[in-house]
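Asks: Output the structure for:
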Amino acid sequence: MKASHTKRTRPILRAKAHHLTATAKRTLAQILEAEIRGSPLNAQEFRARNERRIASLDQMARFEMLDRDGQTYALTFWGLLNTRGKMSREVLGHCRFVFDSLVRHYRRLPTTVLLNSQLEEQTGLTAAQVVMAVRIINRSIANVGLCTDPNSLGVMPSERHLAIRTFDRLKQQTRHHHSKPQQYWPTSQTLFTADGSAIVKGYIECCESQEVRDCWDKASRRLSTDLEGAITAARSLIESVSRYVLEDQGAEIPSGADLSRLFRIAAKSLELESDSSSHPAVRQVLGSCSGVVSGLAEMRNVFSDAHGKGTAGRKPGRRHAELAVLLAGAVTSFLLATLDAPRNL
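Replies: Residues are numbered from 1 along each chain as shown. Got it, this is the predicted structure:
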């Protein structure tokens, strides 16, 4: 029987729902920032302007990280737990204050509304911060009843809050609820090209840097037409990904650094050199990556079209070009995968 082939979703989301790519994390942060400003992103307009993110947005909505509040995007509590940066940590802290007040209020006055003005007084938050925190909590397993009377804006806690008891338990139960592995992990079929040439592509295609994607496209496309150009593009891919990682980590990019040094600095920013959780054999392989990058840089000098060569210049074979692209793809994919690896929430 002939096997059926279905189009696989690009690996925007990693093995579990909270293992997101850097692009997905930035999308969540962008949606959160817009809501904090009081001008939530119009879903239709945002999707039209960010065509490459549509698959990511749909998956995050499916995994209950995003909510379509009418025509706009809004972050859920689970989405907040997966959002990176100082802004998300601050909102999470505000949610903690508000949730604790909800529990205390229900214990004392279970049948009365907790006014927003009371929440402001109890938590020390501004009116806007209270409203934002209430909205986020209302998009969680501890959702509240909202009182929308203009003269008495507030929330109605419930026995659900008493059962959860603490904000840490709310986070724990939320993670447990969303902890089932998802089906969008890039398998071997998505990591290889259709012609079986074994070119790693999953992580690179999901990178939000156009320069990184362009380098990859050039390297893979030139394998069949321009072997020297493929080697040059492979070298450029490592440099572009290294710079992308450093920019993402907020690290300084030294001017005039050669490829090997740039790669080592990028690896250091990801703490690859000091990853004590890895097996010694794994750390040995990781350490060898620097040697691979140095070798690729020299290979580019010897074979590629980046430098003029006389008539006696050496020409690369296809196997040399494939080796360069394969190694560059493997090394850069590992950097991107490490950048996207989950953090402790």
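Asks: Can you name the next helix or strand after the least confident helix or strand in the chain by mean pLDDT?
Replies: Least confident helix or strand, the chain: helix 202-206 with a mean of 68, by mean pLDDT, DSSP states H and E. Toward the C-terminus, helix 202-206 is succeeded by helix 210-222 as the next helix or strand (DSSP states H and E).
Asks: Not counting its own residues, what contacts that next one?
Replies: Applying Cβ atoms under 8 Å, 6 or more residues apart in numbering, the contact partners of helix 210-222 are 193, 199, 201, 204-205, 207, 229-230, 233-234, 236-237, 240-241, 244, 321, 325, 328-329, 332. Every residue, glycine included, has its C-beta placed from N, CA and C.
Asks: Mark which of those residues are buried, thanks.
Replies: Among the contacts of helix 210-222, those classed as buried by neighbour count (16 or more other Cβ atoms under 10 Å) are 199, 201, 204, 207, 229-230, 233-234, 236-237, 240-241, 244, 321, 325, 328-329, 332.
Asks: Surely I204 touches S333?
Replies: Yes: here I204 lies in contact with S333, judged by Cβ atoms under 8 Å, at a distance of 6.2 Å.
Asks: From A328, how far out is the closest residue in space to E239 that isn't next to it in sequence?
Replies: The shortest distance from E239 to any non-neighbouring residue, by Cβ to Cβ, 6 or more residues apart in numbering, is to L259 (5.7 Å). L259 sits 11 Å away from A328, taking Cβ to Cβ, to the nearest Å as the criterion.
Asks: follow-up on the earlier one: count of neighbours near the residue nearest to E239?
Replies: 18 (other Cβ atoms under 10 Å).
Asks: Report the contact partners of it.
Replies: 235, 238-239, 242, 293-294, 296-297.
Asks: what sits in contact with each of L259 and A328?
Replies: Residues touching both L259 and A328 by Cβ under 8 Å, 6+ apart: 235, 238, 296.
Asks: Is H176 in a helix, a strand, or coil?
Replies: helix (DSSP: H, G, I helix; E, B strand; the rest coil).
Asks: Quick check: the gap between it and L81.
Replies: 12 Å.
Asks: More neighbours: those two, which one.
Replies: Here H176 and L81 are compared on neighbour count by other Cβ under 10 Å; more neighbours surround L81, at 21 against 10.
Asks: Check the more buried one and give its pLDDT.
Replies: Note on L81: pLDDT of 93.
Asks: was I right about it contacting Q173?
Replies: No: with contact defined as Cβ under 8 Å, L81 does not count as touching Q173 (11.5 Å).
Asks: Now do the nearest residue to A43 once chain neighbours are set aside against A29, distance only.
Replies: Distances taken as Cβ to Cβ, 6+ apart place Y73 nearest to A43, at 5.1 Å, with adjacent residues excluded. Noted for Y73: a distance of 12 Å to A29, by Cβ to Cβ.
Asks: who has more neighbours, those two?
Replies: Taking other Cβ under 10 Å, Y73 and A29 do not tie; Y73 has more neighbours (25 against 17).
Asks: And the contacts of the helix or strand that contains that one?
Replies: Assessed by DSSP H and E, Y73 sits inside strand 72-75. With contact meaning Cβ under 8 Å, 6+ apart, strand 72-75 is reached by 28, 31-32, 34-35, 40-43, 46, 57, 65-68, 83, 135-136, 139.
Asks: how far is that strand from where the chain is centred?
Replies: When distances are taken as Cα atoms, centre = their mean, to the nearest Å, strand 72-75 is centred 18 Å away from the chain's centroid.
Asks: cool, and stretch 26-46?
Replies: Centroid separation between stretch 26-46 and its chain, computed with Cα atoms, centre = their mean, is 16 Å.
Asks: Could you tell me the end-to-end distance of it?
Replies: 14 Å (Cα to Cα, to the nearest Å).
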